[in-house]
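**Q** Any chance you could fold what I've pasted below:
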Amino acid sequence: MKPVTETGRIREIRGSLVIVSPDRSASCFGCMNMECKTGGLITAENPLSLPLEAGLIVEVVSPPRIALLRQALAAFLPPILGFLAGFSLTSLFFPQAGERAAISAGFLLLFAAAVVVYLIRGKSKAAGNFTVTRIAG
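**A** This next block holds a predicted model:
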């Protein structure tokens, strides 16, 4: 797996976090990254302590395994925990309701957790996925 590399202009610096606006070059035309196409910003860390300032063009890299692991955990773990919580809490607080009601409550919380993850993911960008590797210009 190759690391995910993006180039963009620094918009803002908040301590060790750098907010980067990705380049919109011709090479992006066929890209399937919907966050990029909707004007999404990249939040990256500066572990090398490069002398950065707003306006510089930098290269940021995200190791694919770390990005894949974080995305998988964010996508799958909350719905699974939602199902377990719905099933367990219904069985605990309403034991007379039966297994069918517990399963229904589990699925209800599974979908609720998935919707919440989707909404949160759309509004916030995960910090720490990307790191600034070099100043490109």
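**Q** Show me where the chain has its helices.
**A** Here the chain has its helices, by DSSP state H, at 34-37, 64-93, 99-123.
**Q** For those, give me TSV that also has mean neighbour count and distance to residue 7.
**A** For glycine as for every other residue, the C-beta is placed from the backbone atoms N, C-alpha and C. Formatted as TSV, these follow (neighbours: other C-beta atoms under 10 Å; distance: least, C-beta to C-beta, whole Å):
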stretch	mean neighbour count	distance to residue 7
helix 34-37	13	12
helix 64-93	15	17
helix 99-123	15	24
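**Q** among these, where is the model least confident on average?
**A** Sorting the helices of the chain by mean pLDDT places helix 34-37 lowest, at a mean of 50.
**Q** who are the neighbours in contact with residue 5?
**A** Applying C-beta atoms under 8 Å, 6 or more residues apart in numbering to residue 5 gives the contacts 59-61.
**Q** Look through this structure and tell me its longest strand.
**A** In the chain, taking DSSP state E as the definition, the longest strand is strand 4-14.
**Q** what comes up buried for that strand?
**A** Buried residues in strand 4-14, counted by 16 or more other C-beta atoms under 10 Å: 4, 6-10.
**Q** Please name the nearest non-neighbouring residue to residue 112.
**A** residue 82 (6.2 Å; C-beta to C-beta, 6 or more residues apart in numbering).
**Q** Pretty sure that neighbour sits against residue 114.
**A** Yes: under the contact definition of C-beta atoms under 8 Å, residue 82 touches residue 114, with a separation of 7.5 Å.
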